[in-house]
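Colleague: Give me the fold of what follows.
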Amino acid sequence: MTTIHSMAEMMWRLGLTALPAAQARKLDIRAVIGACLTCPAGELCSDWLERAPKTLEQAPAFCPNAGAFMRTRQHGTTDSLDGKRMSAVDDSSIGA
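Modeller: Okay, the predicted model is just below:
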């Protein structure tokens, strides 16, 4: 799993989607993506996600975006997906 896919998976499990959060100006998506892409814990993150519950209340402490994700959740910028899985980011524009 690539780091950007791990970020998308983490956001999904937290109930966050990037577009609504960014549009509400509750999440600086460029900073979040940048932190994920340069994170040294990519392998640890992928391994952790394989074992973690499908629904999360918070990101793990090693995640550089844990604070941003928590603030976004606290501001109520989550998405009700009605059981539909959506990508938290459109990685086609990132070159994944």
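
Colleague: Helices along the chain, start to end?
Modeller: Using DSSP state H, the helices of the chain run over residues 3-14, 18-23, 29-37, 42-51, 66-74.

Colleague: Would you single out the least confident of these?
Modeller: If you rank those by mean pLDDT, helix 18-23 sits at the bottom with a mean of 70.

Colleague: Show me the contact partners of stretch 54-74.
Modeller: Around stretch 54-74, the neighbours that count as contacts under CB atoms under 8 Å, 6 or more residues apart in numbering are 7, 10-11, 13-16, 21, 26-28, 31-32, 35-36, 39, 41, 44-45, 48, 52, 78. C-beta here means a position set from N, CA and C on the backbone, and glycine is covered the same way.

Colleague: okay, now Gln58: neighbour count?
Modeller: Using other CB atoms under 10 Å, the number of residues around Gln58 comes to 12.

Colleague: that older thread, list only those of the contacts of stretch 54-74 flagged as buried.
Modeller: 7, 10-11, 13-16, 21, 26-27, 32, 35-36, 39, 41, 45, 48 (16 or more other CB atoms under 10 Å).

Colleague: Please determine how far the residue most central in space within the chain is located from Leu49.
Modeller: Central residue of the chain (CA atoms, centre = their mean): Met11, 2.9 Å from the mean position. Using CB to CB, to the nearest Å, we find Met11 at a distance of 11 Å from Leu49.

Colleague: which residues sit in contact with Ala35?
Modeller: Pro64, Asn65, Ala68.
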